[in-house]
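Asks: please work out how this folds:
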Amino acid sequence: MAETTPHIVQSYGQELKRLRSLLVEMGGMVEAQLATATLAVIEQDAEAAARSVEQDPAVDALEREVESFVIRMLALRQPMAQDLRQIVAGLKMSSDLERIGDYAANVAKRSIVLSQFSLPFKLGGLAHMARLVQENLKMIVDAIDDGDADEAAQVWRSDQAVDDIYTAIFRELVTYMMEDPRNITPCTHLLFIAKNLERIGDHATNIAETVYFAATGESLPEVRPKGDSANYAVIRPREE
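Replies: This next block holds a predicted model:
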């Protein structure tokens with residue numbers, strides 16, 4: 001029996017490494033999907049939008065693979081303590097990554113409609129927001145790979161900046177719609193795009209909380225820094 005123990009331990013370690021590898025692969029997929037969706041919006045590129053939407057089934061398939069792998073490990077290995085945290089965390093992170101892929105696909109779909117309009121304003125704010133969200137997503141995928149609690153905490157704290165930009169974009173777009181009814185359709189789609197980006201940021205911070213707990217056994221503070229005040233915004237027409 002003693003001779004088989006090292007083999008079992010080595011095999012178990014390989015399975016944990018495989019789980020992490022699947023999550024990082026999935027993270028890379030949604031990073032690429034979001035980058036393509038962002039390009040579709042900013043450049044009004046319908047082909048990029050189509051590519052982003054086409055990537056979604058592959059992300060969904062990988063989530064199912066992670067789920068099956070986790071269930072198998074739980075059934076066969078009966079893990080405890082840190083190993084259990086890592087395995088259950090893998091299941092939670094795959095769900096958040098899948099939702100990020102869905103939101104990226106939604107951004108891409110909205111951009112297809114948006115490309116039919118000539119916008120009377122720049123998309124600098126939206127581009128900045130998308131860049132921050134992409135940076136946070138890349139950072140959290142790196143944190144998954146490294147099991148880095150400090151990097152996860154950094155992503156968790158960064159969410160407020162995304163929320164602040166979202167609130168500013170919300171106010172700006174509503175003002176454009178109030179000033180000219182012709183802006184209502186494109187601005188409505190831009191509002192949904194901005195909200196989808198904000199939700200991607202939220203899921204990145206969900207993953208950050210999970211990575212932190214898996215690595216340390218401790219939770220980040222319950223109250224997450226939030227700057228999204230769009231739900232309470234009161235916007236009035238500009239005075240002539």
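Asks: could you use CA atoms for every contact and neighbour count after this?
Replies: Fine.
Asks: least trustworthy helix or strand in the chain by mean pLDDT?
Replies: helix 5-42 (a mean of 87; mean pLDDT, DSSP states H and E).
Asks: now whichever helix or strand comes after that helix: buried residues?
Replies: Next in sequence after helix 5-42, counting helices and strands by DSSP states H and E, comes helix 46-54. By neighbour count on 16 or more other CA atoms under 10 Å, the buried set for helix 46-54 is 46, 48-53.
Asks: got it, and stretch 167-174?
Replies: Per 16+ other CA under 10 Å, stretch 167-174 contains these buried residues: 167-171, 173-174.
Asks: any chance you could give me that stretch in CSV, C-alpha atoms only?
Replies: Extracted C-alpha coordinates of stretch 167-174, given in CSV (Å, rounded to 0.1, in the frame of the first residue of the first chain):
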residue,chain,number,x,y,z
THR,A,167,-22.2,56.0,-14.3
ALA,A,168,-20.6,58.8,-16.3
ILE,A,169,-21.4,57.0,-19.6
PHE,A,170,-25.0,56.4,-18.4
ARG,A,171,-25.5,60.1,-17.7
GLU,A,172,-23.9,61.1,-21.0
LEU,A,173,-26.0,58.8,-23.1
VAL,A,174,-29.3,59.7,-21.5
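Asks: mean confidence score for it?
Replies: In this model, stretch 167-174 has a mean pLDDT of 94.
Asks: and that stretch, how far out from the chain's middle?
Replies: Here stretch 167-174 shows a centroid-to-chain-centroid distance of 21 Å under the convention CA atoms, centre = their mean, to the nearest Å.
Asks: and Ala143, how many neighbours?
Replies: As a burial measure, the neighbour count of Ala143 was computed by other CA atoms under 10 Å and equals 22.
Asks: all helices for the chain, in order.
Replies: Counting by DSSP state H, residue ranges of the helices within the chain are 5-42, 46-54, 56-77, 81-114, 124-146, 149-179, 184-216.
Asks: next, the buried residues of the fourth one.
Replies: Of the residues in helix 81-114, 83-112, 114 count as buried by neighbour count, 16+ other CA under 10 Å.
Asks: and that helix, what does it pack onto?
Replies: In terms of contacts (3 or more CA pairs under 8 Å, 6 or more residues apart in numbering; DSSP states H and E), helix 81-114 is packed against helix 5-42, helix 46-54, helix 56-77, helix 184-216.
Asks: and the angle from it to helix 46-54?
Replies: Between the direction of helix 81-114 and that of helix 46-54, the angle (axes from the mean of the first three to the mean of the last three CA atoms, to 10 degrees) works out to 150 degrees.
Asks: what angle sits between helix 81-114 and helix 5-42?
Replies: Relative orientation of helix 81-114 versus helix 5-42 (the same axes, to 10 degrees): 20 degrees.
Asks: mind checking how far helix 81-114 is from the chain centre?
Replies: Its chain's C-alpha centre and that of helix 81-114 lie 6 Å apart, by CA atoms, centre = their mean.
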